[in-house]
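K.L.:
Sequence first, predicted coordinates after that:
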Amino acid sequence: MLKIDNLHVSYGHIEVLKGISFSVEMGEIVALIGGNGAGKTTTLSTISGLVRPTSGTIAWKGENIQNAAVEAIVGSGLAHCPEGRRIFPGLTVLENLITGTAARPQRKREVDEDLALVFDLFPRLKERLKQGGWSLSGGEQQMLAIGRALMGRPSLLMLDEPSLGLAPIVIEQVFDRILELNKRTGLGVLLVEQNSAMALEIASRAFVLETGVITLSGPSAVLADDPRIREAYLGG
Amino acid sequence: MGQLIVNGLALGSIYALVALGLLLIFNTVQIVNFAQGQLLMLGAFIGISCAVTHELPVAAAWAITMVAMALVGIVFMVLVYFPLRGRPAFLVILTTIAMGIVLENLALIIWGPLPVSLPSPIHGPPLRFAGVVISMHQLFIFCTLAVILLLQFLLLTKTRFGILMQATAQDLHTARLVGISVNRTIAVAFAFGAVLSGIAGLLVAPIFLAEPTMGGSLGLKGFVVSVIGGFGNLPGAVIGGLFLGLIETFGARYISSNFRDAYAFIVMIAVLIAWPRGLFGEKSSEKV
């Protein structure tokens, strides 16, 4: 469904991605793990069109999208839930969710259905409907950020560090919801995480990104037992 | 005394309109448009061209001016903001100043240097109330400001597009990322900002005469009023505008009318000494 081929990205003279290739199939959860500065966020930003690659292709549903406009990419069902959640602080929970519908066709019935789905997954959001985005806790903000991305009716959700700064119990909840969503709706997920243990637990496959190069890849269960991964990312 | 208050509030309403247009653009792209006063002048002259030169009904002149100003706002965005987006803000701000000069000279070529008057859209005997005279035009100014405030409030908070505009203003990067066509929301902000200036021009021209150089001081006062109100705060700008209108009117009556244009800056400096963030400025430096 999503196929990245030999992708190079540079910021000025610094090459951040040095020719990475990977793919995500329909309904699959794939994790991209790696340390700080490995290029994980850049990978997602390039896929969603915020950053332009210097070379390489990004194929999405059979079309090359590396030069498409961001709103066209989002509109075609590729949602990006950014690092640090980036909730609109001056908008209410409901208004934040509405911003997620910006790039999709406005059929009221479908929008209402998706709102119901989001509230079903995250009942907390329904309780906080009229509250300002700034007043939410970190966990609630993460739920809202995911909910906002879901309002675009994506077929693939790119999640950037959803566990960042959250308490372990909240992380557990968020990942449970992501799994449930994947099972219920067949939503594909491309998960970027520094919390590698958690990521390997829910993903079927994973890639390890180190300073712009994919160094390891394979089924999560195999990677979780790999001594190099255990040493570098899972704390021995 | 009562008369001075009415006159001051009428003048202040016009400053408030200029400030609202300025802030609508500023809140969306963080650029102070120093050509806002020249846009006001342009609005006044488009109105005069329609109503005086071509003898159209004043209401039609208003409608044409508003449509024309919306287009001017979009052209302004394409010429000034678009080529320089992503560059340091001061470059764009300098360009708005340059654009103001260009507009002023263009007006001088098209309409000449002589002051012209525009009739008010409504006529009738003034209201008299306890010795205070309120002209129909003053009443019209108050109603226009009230209607615009209401419409702006409804647009920004009750419509889907308004919510997308607010999102763009709060976090441009994330707005793009969630799929908002930010070019469209920014274009609407520029169009709306220019229309508000144009309306201010249509309201000013029947009181003072319109001339190509009228925009400079009015635009600066719109800026001063925004600073007094706490930059970025819309209700603050309206209150700041009314406040400045009163100060100028009373100052001209009781101190000296020669310093009429200086009061704005004296008040701004005094307010900033007492409240560095303006009267209604946000307490934290964080953008909320």
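P.N.:
Cool, got the structure. Residues are numbered from 1 along each chain as shown, chains lettered A, B, ... in the order given.
K.L.:
For chain A, what is the nearest residue in chain B?
P.N.:
Closest to chain A within chain B is residue B:179: 3.0 Å, counting by CB to the nearest CB. To be clear about C-beta, it is placed using only N, CA and C from the backbone, and glycine gets the same treatment.
K.L.:
which parts of chain B sit against chain A?
P.N.:
Residues of chain B that fall close to chain A, judged by CB under 8 Å from any CB of the partner chain: B:160, B:163-164, B:166-167, B:170-171, B:173-181, B:288.
K.L.:
Got a PyMOL select line for the buried ones in those?
P.N.:
To isolate the buried ones among these in PyMOL, judged by 16 or more other CB atoms under 10 Å in any protein chain shown, type:
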select buried, chain B and resi 163+164+166+167+170+171+174+175+176+177+178+179+180+181
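K.L.:
Just the ones in helices from the residues of chain B next to chain A, please.
P.N.:
Members of the residues of chain B next to chain A lying in helices (criterion: DSSP state H): B:160, B:163-164, B:166-167, B:170, B:173-177.
K.L.:
And the furthest pair within those?
P.N.:
The distance between the two most remote of these (CB to CB) is 20.8 Å, for B:160 and B:173.
K.L.:
Chain B contacts on chain A?
P.N.:
Within chain A, the positions near chain B by CB under 8 Å from any CB are A:48, A:50, A:70-71, A:74-75, A:80, A:82, A:86, A:88-91, A:95-96, A:98-104, A:106, A:134, A:148-149, A:152.
K.L.:
Please spell out the PyMOL selection for the buried subset of the residues you listed.
P.N.:
In PyMOL syntax, the buried subset of the residues of chain A next to chain B is picked out as below (16+ other CB under 10 Å):
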select buried, chain A and resi 48+50+70+71+74+75+80+82+86+88+89+90+91+95+96+98+99+100+101+102+103+104+148+149+152
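K.L.:
Which members of the residues of chain A next to chain B are positioned in strands?
P.N.:
residue A:80 (DSSP state E).
K.L.:
Among the residues of chain A next to chain B, name the ones in helices.
P.N.:
Using DSSP H, A:70-71, A:74-75, A:95-96, A:98-99, A:148-149 are the members of the residues of chain A next to chain B that sit in helices.
K.L.:
Now flag whichever of the residues you listed is closest to chain B.
P.N.:
residue A:74 (3.2 Å).
K.L.:
From residue B:182, how far off is that closest one?
P.N.:
When CB to CB, to the nearest Å is the yardstick, residue A:74 and residue B:182 sit 12 Å from each other.
K.L.:
likewise residue B:217?
P.N.:
33 Å.
K.L.:
who has more neighbours, these two?
P.N.:
Between residue B:217 and residue B:182, counted using other CB atoms under 10 Å in any protein chain shown, the more crowded position is residue B:182 (21 against 14).
K.L.:
any idea how far that one is from residue B:189?
P.N.:
Between residue B:182 and residue B:189 the distance, using CB to CB, works out to 10 Å.
K.L.:
Mutual contacts of those two, please.
P.N.:
Each of residue B:168 lies in contact with both residue B:182 and residue B:189 under the rule CB atoms under 8 Å, 6 or more residues apart in numbering or on different chains.
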